[in-house]
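Asker: Need the 3D shape of this:
(one chain, ligands or ions: 1)
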Amino acid sequence: MTSWLFAPTPVPSLPIVGRPERFPVRRILCVGQNYAAHAREMGSDPSRPAPFFFSKPADALVVDGADPAYPSATADLHHEIELVCAVGEDGHIAGWAVGCDLTRRDLQAAAKAGGRPWDAAKGFDQSAPCGALTLGALPDPAAPIRLEVNGVARQTGRLDDMIWNPSEILAKAGELWTLRPGDLIFTGTPEGVGPLLPGDKVTATIAGLSPLNFTVQPQ
Ligand code: MN
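Answerer: Below is the predicted model:
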């Protein structure tokens, strides 16, 4: 039996709709600029030939109802609602959830300008709120995707506005990493990203999936 110097960090996990088991999370990959209108609002050409990826640590996960704190070292925290795919035991997509790719937009802009990595802009503590997982096929591949802040719509789109669909994203990610059960992939956000402030109440929905709700807590 292994003897640890200190207690290992518990495995991050998601609840599963209608099931008592939890989904153990191994890794979080994210796709950048996967909706044409969002790519344009970020100053990029949406006709780019291949999706690009970045990652967040698994322990950046925040489950539905557990409120993330406003992060340190930023004055421009942004919301990005995203469809999340969950890789199951057979290596295929086993389920789906509503996620929010929280972003320190000011640090991302500085990283882009300096040609430096995005880790501090994207992979910070509590940067990956994610709702409960729904197993099986995606209920509606053309479903509306919508994020509200304090009851006001900020992001509205449809899943079939994606440049790369979930199967294509899984295939592309699989060329770069060995995908394993427990991997989550955030599939990009529609246009309308914008700032969050402490106290803001976020409601993120994709028709057919369990909604994601959280309130940004003071630091
Ligand atoms: Mn994103």
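Asker: Just say helix, strand or coil for residue 40.
Answerer: Classification of residue 40 using DSSP: H, G, I helix; E, B strand; the rest coil returns helix.
Asker: Can you report how many residues lie near it?
Answerer: Per other Cβ atoms under 10 Å, the neighbour tally for residue 40 reads 13. (Glycine included, C-beta is placed from N, CA and C.)
Asker: Now do the residue nearest to it when sequence neighbours are not counted against residue 147, distance only.
Answerer: Nearest residue to residue 40 in three dimensions, chain neighbours excluded: residue 46, at 6.0 Å (Cβ to Cβ, 6 or more residues apart in numbering). Applying Cβ to Cβ, to the nearest Å, the value for residue 46 to residue 147 is 20 Å.
Asker: Between the two, tell me which one has more neighbours.
Answerer: residue 147 (26 against 14).
Asker: Helix or strand: which one has that one?
Answerer: Assigning secondary structure by DSSP states H and E places residue 147 in strand 144-149.
Asker: helices and strands around that strand, which ones?
Answerer: In terms of contacts (3 or more Cβ pairs under 8 Å, 6 or more residues apart in numbering; DSSP states H and E), strand 144-149 is packed against strand 81-87, strand 152-158, strand 201-206.
Asker: Mind listing what's buried along that strand?
Answerer: By neighbour count on 16 or more other Cβ atoms under 10 Å, the buried set for strand 144-149 is 145-149.
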